[in-house]
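Trainee: here are the coordinates; sequence isn't available:
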């Protein structure tokens, strides 16, 4: 199928939901679901968060497939349980349709509160895909810091001001952590190159037998404070500065999908975001230097891992 035809596939997330203009969450969902084949039935589980509360306002729903609302912590557990029940019913001859199982959750519900159930589902190798739409904070409940929040980011629980530079801790590398579960497929992606990277990885994840995990950087206009029309440009800057590298881990083999020919300095990614504006005040040059050092260190570590295969 030509890529244009893929982008023209029928939407499985209907318009009319209440998500913000310029939000990356629904962009991630729409494009991941395009990885399903037309004949596939899907069961979607979703953690509480912006995506759930804005797409399923009883008695209305934007989801065209079967949908289960979960608490923050148990979307992966629910999805793995439904997948197990499906396999049992197929074995007993009670079902003959092809179902796919996909869980969605934000970084707060996966990096932190829901990590236990995610880790368990991945370790048990359920035939499911978990998609983390990573916007770097607990956006739905007031833009509180999560372990996905980058260092020095200004959030409501790590406010930047006269006595603070924002969050002091490093951000967690969830993609690499899930890769260490040694599941069949893990990938990191975002909205670049007309969504082709995201679609290709979504199709691989859905088509891979066993557990698969996608970490999709999905910017939040309220938490990051950027102009809504700059969503795609911001994702490009994240990739071109090596803040959010595009890579996948296929049966334990690490593959770097893209390396910028002329890597942009990290301040190009930070500048458009209000949450980092304090880093550009006179006297705070050291914050940008330390941020750059961390990004460079992580990218070199990623390149080393990929070079070993």
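Mentor: Okay, I see it. Here the structure is a predicted model, which means the values were calculated and not measured.
Trainee: low-scoring stretches of this structure, by residue?
Mentor: 1-4 (pLDDT under 70).
Trainee: who does the longest strand anywhere in it pair up with?
Mentor: Looking across the chain with DSSP state E, the single longest strand is strand 99-106. Paired neighbours of strand 99-106 in the sheet (DSSP bridges): strand 41-46 (parallel), strand 129-134 (parallel).
Trainee: out of those, deepest packed?
Mentor: strand 129-134 (a mean of 28; mean count of other Cβ atoms under 10 Å). (Each C-beta comes from the backbone N, C-alpha and C, glycine too.)
Trainee: any idea how far that one is from the chain center?
Mentor: From the chain centre to the centre of strand 129-134 is a distance of 5 Å (Cα atoms, centre = their mean, to the nearest Å).
Trainee: repeat for stretch 152-170
Mentor: Taking mean C-alpha positions (Cα atoms, centre = their mean), stretch 152-170 and its chain are 23 Å apart.
Trainee: so which bits of that stretch are buried?
Mentor: Buried residues in stretch 152-170, counted by 16 or more other Cβ atoms under 10 Å: 152-155, 158, 160, 165-167.
Trainee: next, count neighbours for residue 244.
Mentor: 22 (other Cβ atoms under 10 Å).
Trainee: ranges for the strands of the stretch 101-250 of the chain?
Mentor: 129-134, 160-161, 164-165, 185-189, 212-217, 247-250 (DSSP state E, counting those that start in this stretch).
Trainee: including distance to residue 82, could these go into a markdown table?
Mentor: Converted to a markdown table, these look like this (distance: least, Cβ to Cβ, whole Å):
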| stretch | distance to residue 82 |
| --- | --- |
| strand 129-134 | 13 |
| strand 160-161 | 42 |
| strand 164-165 | 44 |
| strand 185-189 | 20 |
| strand 212-217 | 16 |
| strand 247-250 | 25 |
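Trainee: let me know which of the strands paired with strand 99-106 is the nearest to residue 171.
Mentor: Nearest to residue 171, of all the strands paired with strand 99-106, is strand 129-134, at 9.6 Å by Cβ to Cβ.
Trainee: list of residues touching the closest one?
Mentor: Residues outside strand 129-134 that contact it (Cβ atoms under 8 Å, 6 or more residues apart in numbering): 24-25, 28-29, 32, 51, 75-76, 79, 100-107, 110-111, 118, 121-122, 148, 174, 205-206, 211-218.
Trainee: now swap in stretch 54-69 and tell me
Mentor: Under Cβ under 8 Å, 6+ apart, the answer for stretch 54-69 is 11-19, 26, 33, 41-46, 48, 52, 78-79, 82.
Trainee: now do the end-to-end distance for that stretch.
Mentor: For stretch 54-69, the separation between the terminal residues is 12 Å (Cα to Cα, to the nearest Å).
Trainee: next one: stretch 10-27
Mentor: Distance across stretch 10-27, first residue to last, is 14 Å (Cα to Cα).
Trainee: now it, how far from the centre of its chain.
Mentor: With Cα atoms, centre = their mean, you get 15 Å for stretch 10-27.
Trainee: go on, stretch 226-240?
Mentor: With Cα atoms, centre = their mean, you get 15 Å for stretch 226-240.
Trainee: let's have the chain start at 825 instead
Mentor: Happy to do that; since the first residue is 825 now, the last one works out to stretch 1050-1064.
Trainee: what does it rub up against?
Mentor: By Cβ under 8 Å, 6+ apart, stretch 1050-1064 touches 844-848, 851, 1014-1016, 1041, 1043, 1045, 1048, 1067-1070, 1082, 1084, 1087-1088, 1092-1093, 1096-1098.
Trainee: and those residues, which of them are buried?
Mentor: 846-848, 851, 1014-1016, 1041, 1043, 1045, 1048, 1067-1070, 1088, 1093, 1096-1097.
Trainee: show only the entries of the residues you listed found in helices.
Mentor: Secondary structure from DSSP state H places 848, 851, 1045, 1048, 1093 of these in helices.
Trainee: tell me who's in contact with the closest residue to the third one other than its chain neighbours.
Mentor: In this case it means residue 1045. Closest residue to residue 1045 apart from its sequence neighbours, by Cβ to Cβ, 6 or more residues apart in numbering: residue 846 at 4.2 Å. Shown in contact with residue 846 (Cβ under 8 Å, 6+ apart): 1043, 1045, 1050-1055.
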